[in-house]
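**Student:** predicted model and sequence below, questions to follow.
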Amino acid sequence: MAPYFLFVGSLLAGFAASAIATPAIQSLADIQTAAADWLRGQASAGGREVEVLANRLDPRLRLVACDAPLTVAQGPGAKQIGYTSVSVRCEGVNPWSLFVPVVVRERIPVVVATTALPAGKILGPHDTKLESQWVLDGAQQVVRSPDGAVGRITVRQIAAGEVLLQGALRTVRAVRRGEIVVLALEQGPVAIHMGGTAMQDGAVGERIQVRNATSRRVVEGTILEPGLVVVR
């Protein structure tokens with residue numbers, strides 16, 4: 001019987017040693033929390049109101065539990081608003097690193113349509129209003145001031161309550177290519193007016209080229225109002 005007990009004892013000891021040797025697994029939830037908390041601190045700098053969500057990691061991922069605080073960082077030029085990612089690293093005895101996808105939304109004032117707007121509609125002061133909403137990459141895409149919408153024209157249908165994007169509006173053309181315009185040549189307090197032909201489309205405030213009807217020279221001027229281009 002003694003050999004039997006020796007065998008069983010050895011087997012149990014082996015199992016115990018194996019259990020002790022198996023390293024603990026790092027919590028994926030802790031990795032996500034570390035990524036979200038760090039980026040929330042970065043993105044909210046300057047008083048911005050942000051909402052951060054770290055995407056779900058692959059549940060099959062098995063990383064050795066870190067025996068040191070997790071280190072979080074972003075590469076130079078990485079976005080802090082919108083779809084982005086951060087690097088989470090363990091710099092302990094068993095080091096590892098991975099990238100965590102993160103979504104960051106910012107609450108900002110945006111311009112929305114007060115009613116359904118057809119394509120080709122020149123916006124007036126009552127067609128839009130200002131609201132605070134959560135957006136992604138807001139600074140580049142959305143219209144943030146009602147003054148930035150009034151007088152512009154819709155290039156597609158816009159639903160009531162829809163956030164107005166820069167790409168959904170264009171500036172109304174005050175001058176069209178080939179149109180006969182008044183060319184005002186200003187020199188100090190004196191202005192000479194003559195006819196000319198617009199070589200480009202343009203809106204009020206934009207610079208376009210105009211062919212002088214008298215000299216046939218092409219000059220560049222600023223559109224002051226529809227049909228009037230000033231060369232200073």
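**Tutor:** Perfect, thanks for sending it.
**Student:** longest single strand anywhere in this structure?
**Tutor:** Longest strand in the chain by number of residues (criterion: DSSP state E): strand 96-113.
**Student:** which neighbouring elements make contact with that strand?
**Tutor:** helix 28-43, strand 49-54, strand 82-90, strand 128-135, helix 138-141 (3 or more Cβ pairs under 8 Å, 6 or more residues apart in numbering; DSSP states H and E). From N, CA and C alone the C-beta is placed, and that goes for glycine too.
**Student:** hmm, try it at 10 Å
**Tutor:** helix 28-43, strand 49-54, strand 71-73, strand 82-90, strand 128-135, helix 138-141 (3 or more Cβ pairs under 10 Å, 6 or more residues apart in numbering; DSSP states H and E).
**Student:** any weak-confidence spans in the chain?
**Tutor:** Along the chain, the parts satisfying pLDDT under 70 run over 1-21, 137-140.
**Student:** which residue ranges make up the domains of it?
**Tutor:** The record assigns the chain these domain ranges, following automatic domain parsing: 22-105, 107-171, 180-231.
**Student:** could you dump the ones you listed to TSV with mean neighbour count?
**Tutor:** Output for the domains of the chain, formatted as TSV (neighbours: other Cβ atoms under 10 Å):
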stretch	mean neighbour count
domain 22-105	15
domain 107-171	15
domain 180-231	15
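**Student:** mind checking how far the nearest residue to A159 once chain neighbours are set aside is from V231?
**Tutor:** Nearest residue to A159, sequence neighbours excluded (Cβ to Cβ, 6 or more residues apart in numbering): A116, at 5.8 Å. Per Cβ to Cβ, to the nearest Å, A116 is found 42 Å from V231.
**Student:** noted, bye for now.
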